[in-house]
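Visitor: Take a look and give me a structure for this.
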Amino acid sequence: MKKFVRIIIPVCAVVVLIISCINLGSIFLEYNRGVQEYKELQEYVNNERPQIPAQEKEEDDFLMPEIDFAALKAKNEDFRYWLYIPALEVNYPVVQG
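Guide: Purely as a prediction, here's the structure:
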């Protein structure tokens, strides 16, 4: 009986390790797909800032990026708006599920 337990426990541990590695790989692949999708959606947003002379510039200037809402709506009809918070580096599309 002890010999049986000595064999089964390591085998079970290896099986659990393999399954865990497969699940972890799946999670990382899904995360990478999400990152790539956000990069593709960034093509619809123009984050370039126009040059403003120092005299005209106010400290409270908040310039929104130019967003092609029609193209985003065509890509996904559930698209509602673009969430942009520069201080937090948040720059993502928002869809309604």
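
Visitor: Next SSE downstream of the helix or strand where C12 lies?
Guide: Here C12 is covered by helix 2-41, with elements defined by DSSP states H and E. As assigned by DSSP H and E, the chain's next helix or strand after helix 2-41 is strand 45-46.

Visitor: Just name whatever secondary elements that following strand is in contact with.
Guide: strand 66-67 (3 or more CB pairs under 8 Å, 6 or more residues apart in numbering; DSSP states H and E). C-betas here are computed from N, CA, C, even on glycine.

Visitor: now D68: how far from I9?
Guide: 58 Å (CB to CB, to the nearest Å).

Visitor: Mind checking which of those two has more residues around it?
Guide: The neighbour comparison of D68 against I9 (other CB atoms under 10 Å) goes to D68, with 14 against 10.

Visitor: Who's the closest spatial neighbour of that one, skipping the chain neighbours?
Guide: Setting aside the residues directly before and after it, D68 is nearest to Y44 in space (CB to CB, 6 or more residues apart in numbering), at 4.5 Å.

Visitor: again with L41
Guide: Spatial nearest neighbour of L41, excluding adjacent residues (CB to CB, 6+ apart): P93 at 5.5 Å.

Visitor: Any regions of the protein where pLDDT drops low?
Guide: Along the chain, the model assigns pLDDT under 70 to residues 47-62.

Visitor: measure the residue nearest to L41 to G34 for me?
Guide: Distance, P93 to G34, by CB to CB: 12 Å.

Visitor: likewise S26?
Guide: To G34, S26 is 13 Å away according to CB to CB.

Visitor: list the buried ones in the helix holding C12?
Guide: L41 (16 or more other CB atoms under 10 Å).
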